[in-house]
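S.K.: here's a sequence, model it:
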Amino acid sequence: MKPLVFSIFLLVMTAAFPTSSPGNPDAGFPKSPEIHPDGRVTFRLQAPRAEEVEIRSRLFDGKAPLEKGEKGLWELTVGPVEPGIYSYRFLVDGMHTMDPHNRWVKGWRVSENLVEVPADPPATWQEADVPHGVVHHHHFRSDVLKTDREVFVYTPPGYGEDPGRRYPVLYLLHGSGDTASAWTEVGRAHFIADNLIAAGKVEPLVIVMPYGHGQRPGIDKDALEEKGAWYRENNAAVFADFFQSVVPLAESNYRLKTGPGNTAIAGLSMGGGQSLELGLNYPEKFGWVAGFSSGVPGEEEAAAEQFGGLDPEATWKKIWIACGRDDFLLERNDFFHAWLEKKGIEHGYQLTEGGHQWFVWRDYLEQWLSMGLFR
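M.R.: The predicted structure follows:
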């Protein structure tokens, strides 16, 4: 490149992209998101040619417009908002896009950015100055599904210090829009466990968080959806993989106590329905069962099919179901609660404020773990 042309090129690039300092690679770029001490959050996006910039987020209902300022910097401040972890994405002239200056991204059903508004004093789901466990990430080949799968496993503080000690285990399942990373990335299950263990509110435990989507090879998803059977086939495939891949992986790699009194299963939404189906149909394997905002049947025939192995004479340590009053699955959970009562299955049922949201599920996990799990 000739010297004059190269100089012009540098001038153009410098104008378009502000120079970063060696000590701060983000210097010169808009800070987004910015968390203010009073709980307000400011979002910024540099888009000088855009005609309209909006943001869609769980911070508010629907979407909200950003205001265009000098040099094409769009900005919006919201709140104060309740402490929590929220997803968001920009809409630039109607096209969804990510925040280019926020490295925290969730890549599940829809890729979005995440922002945390901390609580003061810190909430149980936040990282605290207590001993921490370790989150392990496993990749494995599923012989059942003929594909590669993943699972996250939390081991409690001190796990490596006593090779002879065994621990109870919780299998924790995610929702339909998530992957296996959801319960640590946004649910903060590992921090919740750390803090409750430090406070003496729960026994040190291992938490196994598998991937909850899967179908047998050759399944025609479109045809099954037309018949309303995709959910059942999906669960059947996941359950086969669970028993033939996930449980053996956990039991062979970690020092787990065995028996239903030492084995729990819980989940949210789709994972709530899955945890209840597994827990209630296999009482010889799971003594502690919980469903948060669960995707459970809403009518008699479907309940009888999904819970065909339910034995009213079986015993569990505890079955617990919870749902928010604004949750779109409330009616189904009400039905399932009444259906279990009719079957004579003793269980807890709790309604709380909130909808189908992570701040509800984090609270449920904390509350359920504190109910004397494994004690």
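
S.K.: ok, the most centrally placed residue in the chain - contacts?
M.R.: The centroid of the chain falls nearest to A182 when counting by CA atoms, centre = their mean (3.1 Å). A182 makes contact with 106, 108, 174-175, 209, according to CB atoms under 8 Å, 6 or more residues apart in numbering. Where C-beta positions appear, they are placed from N, C-alpha and C, glycine not excepted.

S.K.: distance check, L91 against R188.
M.R.: 28 Å (CB to CB, to the nearest Å).

S.K.: just the strands from the stretch 151-300 of the chain, written as ranges.
M.R.: 169-173, 206-210, 263-268, 288-292 (DSSP state E, counting those that start in this stretch).

S.K.: can I get those strands in CSV with distance to T155 and mean pLDDT?
M.R.: Formatted as CSV, the strands of the stretch 151-300 of the chain follow (distance: least, CB to CB, whole Å; pLDDT from 0 to 100):
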stretch, distance to T155, mean pLDDT
strand 169-173, 10, 98
strand 206-210, 6, 98
strand 263-268, 16, 98
strand 288-292, 19, 98
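
S.K.: could you dump those strands to TSV with mean neighbour count and distance to R141?
M.R.: Below are the strands of the stretch 151-300 of the chain laid out as TSV (neighbours: other CB atoms under 10 Å; distance: least, CB to CB, whole Å):
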stretch	mean neighbour count	distance to R141
strand 169-173	27	20
strand 206-210	26	14
strand 263-268	28	24
strand 288-292	28	29
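
S.K.: so which of those strands gets nearest L59?
M.R.: strand 263-268 (20.1 Å; CB to CB).

S.K.: now do the closest one: distance to the chain's middle.
M.R.: Distance of strand 263-268 from the chain centroid (CA atoms, centre = their mean, to the nearest Å) equals 13 Å.

S.K.: what lies in contact with that strand?
M.R.: 168-175, 187, 212, 257, 272-275, 278-279, 285-294, 361, 364-365, 368, 373-374.

S.K.: and the contacts of A182, which is the shakiest by pLDDT?
M.R.: Ranked by pLDDT, those bottom out at W108, which has 74.

S.K.: quick revisit: out of the strands of the stretch 151-300 of the chain, nearest to F152?
M.R.: Short answer: strand 206-210, nearest of these by CB to CB, at 4.3 Å.

S.K.: relative to the closest one, what are the paired strands and their orientations?
M.R.: strand 147-155 (antiparallel), strand 169-173 (parallel) (DSSP bridges).

S.K.: what's the shortest one in contact with?
M.R.: In this structure, residues lying in contact with strand 169-173 by CB under 8 Å, 6+ apart are 183, 189, 205-210, 212, 242, 246, 250, 254, 256-257, 262-268, 270-272, 274-275, 288, 365, 373.

S.K.: same question, stretch 350-362
M.R.: Taking CB under 8 Å, 6+ apart as the rule, stretch 350-362 contacts 58, 82, 84-85, 125, 186-188, 192, 268-269, 292-293, 320-330, 363-364.

S.K.: just the buried ones among these, please.
M.R.: Burial of the contacts of stretch 350-362 was assessed by neighbour count (16 or more other CB atoms under 10 Å); the buried members are 58, 84-85, 125, 186-188, 192, 268-269, 292-293, 320-324, 327, 329-330, 363-364.

S.K.: those residues in helices, which ones?
M.R.: Within the buried ones among the contacts of stretch 350-362, residues falling in helices by DSSP state H are 192, 330, 363-364.

S.K.: nearest to Y349, of the residues you listed?
M.R.: Proximity of those to Y349 (CB to CB) peaks at L330, which lies at 11.5 Å.

S.K.: average pLDDT across stretch 73-84?
M.R.: Here the average pLDDT along stretch 73-84 is 93.

S.K.: meant to ask about stretch 294-308, not that
M.R.: Stretch 294-308 comes out at a mean pLDDT of 91.

S.K.: burial count for R375?
M.R.: 9 (other CB atoms under 10 Å).

S.K.: what do you get for A50?
M.R.: By other CB under 10 Å, neighbour count at A50 equals 18.

S.K.: OK, contacts around the residue lying closest to L340 once chain neighbours are set aside?
M.R.: Counting by CB to CB, 6 or more residues apart in numbering, H347 is the residue found nearest to L340 once chain neighbours are left out, at 5.5 Å. With contacts defined as CB under 8 Å, 6+ apart, H347 is in contact with 318-321, 337, 340.

S.K.: out of the residues you listed, which is nearest to Q46?
M.R.: Distances from Q46 to these, taken by CB to CB, are shortest for I321, at 46.9 Å.

S.K.: any idea how far G348 is from that closest one?
M.R.: The value you get for I321 to G348, if CB to CB is used, is 7 Å.

S.K.: go on, T97?
M.R.: In terms of CB to CB, T97 sits 44 Å off from G348.

S.K.: repeat for R89
M.R.: 37 Å.

S.K.: compare the two (neighbour count), which wins?
M.R.: R89 (18 against 13).

S.K.: might one say that the more buried one is in contact with L114?
M.R.: No - between R89 and L114 there is no contact under CB atoms under 8 Å: 10.4 Å.
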